[in-house]
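K.L.:
Here is a sequence with its predicted model. Questions after.
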Amino acid sequence: MNWKFTTLILAALSAAVPAFAQHKASEPVLDVSAMDKTADPCVDFYAYSCGSWRKKNPIPPDQSSWSTYGKLEDENRAQLRTILEEAANANSQRDAVAQKIGDFYASCMDESAIEKLGAKPLLPALEAIAALQSKRDLANYIATAQFPPSLEAGGALFAFRSTQDFKDSTQVIAEVDQGGLGLPDRDYYSKDDPKSQELRKSYVAHIAKMFELLGDKSTDAAAEAATVMRIETALASGQMTRVERRDPPQLYHKMSLEELQKLAPSFFWDTYFKKTGAGPLSSLNVVAPGYFHVMNEELEKESLADWKTYLRWHATHAAASDLSSAFVRENFNFYGKLLRGRQELPPRWKRCTNDVDNDLGEALGQAYVAKYFSPEAKQAALKIVKEVEAAMESEIHALPWMGSATKEQALTKLHAIANKVGYPDAWRDYSSLQVIRGDEIGNSERAAWFEFHRWLAKIGKPVDRKEWDMTPPTVNADYDPQRNDINFPAGILQPPLFSALSDAAPNYGDTGATMGHELTHGFDDEGSQFDANGNLRNWWTEADRKEFDKRAQCVVDQYSGYTVIDDIKINGKLTNGEDLADLGGTLLAYLAWKEDTKNQKLEPLDGMTPEQRFFVAYGQSWCSNERDEDKRLRATVDPHSPEKYRANGVVSNMKEFQDAFHCKPGQPMVRENACRVW
Ligand SMILES: [Zn+2]
């Protein structure tokens, strides 16, 4: 659940040998053959670092983009496949974990059994919707539907989950949030440029096709799709924007159940919470009260028949990828092809591997780390984290713009950060989750309910600070402001991003910068509002906060000037936290590397100085190709800037880079008004 965590990238996935698999270890962290040495690093550093990589790595047909991270994800997925195919062999000796992941995978791979069922697995849900007698029954239905209420924004009406209390981070409370849309963001319903209008038409056509697959007549299906669009457009109008959601105080409205009932009286909250198993709640956080006000208006305005249409769509949408190929293909045509530009549906093994990673991530993860993550790699990664943290400590002491009172608080926060590397100390217990071989949709449903109840079970209990939100094979990293911890799964600590066999410069330039990035999130526009204990509390003097805001605004202005595609510019306010983390993180990694190697004589290699190699490794961590559709989608939903600017935007602010490549004032990679915060 990464809804408010700050990650590195958009999240978004043989024989049992006891030795650790080393087949990727030969891939260097810095790949000279990926560079374009005809490009001038002071004019376009991204082209210099990644020019040949971009030519040699066209986007595979089943991908919307292709990058250093995407490639590694694909390689990790192939390793997971090996583990799963072995575990799926019911005739072998399997422990409880292997049985669960193996049977889950085998059921998902059994395409002919799934095909035979067609839309049948949806029938109980469709019948339950048809049987609703009044709008009063909506709460009961949503709380007990085939798939559980949504933890994130995507399901019917709203999201429900647990969260750490913003004002008391030791406690877990319940939380409701805006949701109920089928498109990726509220803005998709209101933007009126021709591309957005066209996309909305395609979305309505997609909904209609899904209704037709359920057996509706095409004229009925078209009318039903229009109804869904009308309801979702109204719901979208009440939602907060992504930029508004970057301000934590705007997301905290703790209220009693009575107050929520007053805010949205047409929904039977009491019934809903009881039926979900959350029990009687005394209070909860309502993330976006404005949304629930609008939702209530819609509940009153729209007829029961139209709400049933809306629920039929969401029930079908939620189950689409578990149904027969007609549903899978139509779902892909809209969400994969039109929205993201993918040309082909990923092969079934990739989709099934992703499903096991999503639903049984810490069971599959156990097998993954045993095979692909050595204790040496963990120690090597931890060492870099500590060096980067030491660099931040020195930087805070030396900051010219921050007063001593704020510095003391910043250091307290820094010292309190927990470093989580590789995988959790204790693995999640899946023993209560029943996996039945041959029951694909049943397994998906039970796994989704298991996860939903796992979140609800935390309400009213103290926080488990040891918990992980990403699975071990994930190629990503994150900072959680409420737990005040940084997380680096085993999946990202792999070649070519990191190698225990590499010399220090590329490891610091690549993975060191990632670690600096996550660390800096604790002190970005959002993270800086939480204290050492993870409470939303201002620990800044007014004057220091002003100085910080001024420097953060410099970065907003810089990135807002970059073009994503056509006339779409980066939304510098949306990407500010990530841009600050990239800038601060790279500087910290550089300083940490210098400190770590201060007693060594570093020699040039491959015609580059050690400093140049540090920066090229950083640049190469962002090598990528993206489809136009993906660029447009990311410009709206992704808080990370496009890769090119994650490289060039950072180095053009850094004197250390300009010295390394002897860049001159006036060249593009030398910004006149360089930004610097940390
Ligand atoms: Zn980040």
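P.N.:
Received the coordinates, thanks.

K.L.:
All the helices of the stretch 451-600 of the chain, in order from the start?
P.N.:
504-507, 513-521, 542-560, 576-596 (DSSP state H, counting those that start in this stretch).

K.L.:
looking at the ones you listed, which is buried most?
P.N.:
Of all the helices of the stretch 451-600 of the chain, helix 513-521 has the most neighbours on average by mean count of other CB atoms under 10 Å, namely a mean of 29. The C-beta positions use only the backbone N, C-alpha and C, and glycine is treated the same way.

K.L.:
now check that helix, is it near the ion?
P.N.:
No - Helix 513-521 does not reach the ion (CB under 5 Å from the ion); its nearest approach is 5.5 Å.

K.L.:
name the helices or strands packed onto that helix?
P.N.:
Using 3 or more CB pairs under 8 Å, 6 or more residues apart in numbering; DSSP states H and E, the elements in contact with helix 513-521 are helix 375-398, strand 478-480, strand 485-489, helix 576-596.

K.L.:
if we compare those, which one ends up closest to the ion?
P.N.:
helix 576-596 (4.8 Å; CB to the ion).

K.L.:
Summarise which helices and strands that closest one is packed against.
P.N.:
Helix 576-596 packs on strand 6-7, helix 375-398, helix 504-507, helix 513-521, helix 542-560, helix 610-620, helix 643-651, going by 3+ CB pairs under 8 Å, 6+ apart.

K.L.:
hang on, isn't residue 311 packed against residue 147?
P.N.:
No - between residue 311 and residue 147 there is no contact under CB atoms under 8 Å: 11.8 Å.

K.L.:
of these two, who's got more company?
P.N.:
Ranked by neighbour count (other CB atoms under 10 Å), residue 311 and residue 147 place residue 311 first, with 23 against 20.

K.L.:
mind checking how far the more buried one is from the ion?
P.N.:
Per CB to the ion, to the nearest Å, residue 311 is found 36 Å from the ion.

K.L.:
for residue 606, what are its contacts?
P.N.:
Contacts for residue 606 (CB atoms under 8 Å, 6 or more residues apart in numbering) come out as 30, 32, 613.

K.L.:
Just the buried residues of those.
P.N.:
Listed as buried from those are 30, 613; burial here means 16 or more other CB atoms under 10 Å.

K.L.:
can I get the helices of the stretch 451-600 of the chain in CSV with mean pLDDT?
P.N.:
As requested, the helices of the stretch 451-600 of the chain are exported to CSV (pLDDT from 0 to 100):
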stretch, mean pLDDT
helix 504-507, 95
helix 513-521, 96
helix 542-560, 97
helix 576-596, 97
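
K.L.:
Quick one: those as TSV, columns for distance to residue 263 too.
P.N.:
Shown next, in TSV, are these (distance: least, CB to CB, whole Å):
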stretch	distance to residue 263
helix 504-507	51
helix 513-521	32
helix 542-560	32
helix 576-596	29
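
K.L.:
closest one to residue 260 among those?
P.N.:
helix 576-596 (29.6 Å; CB to CB).

K.L.:
Name the spans of the stretch 1-150 of the chain whose pLDDT lies under the cut-off.
P.N.:
1-6, 11-26 (pLDDT under 70).
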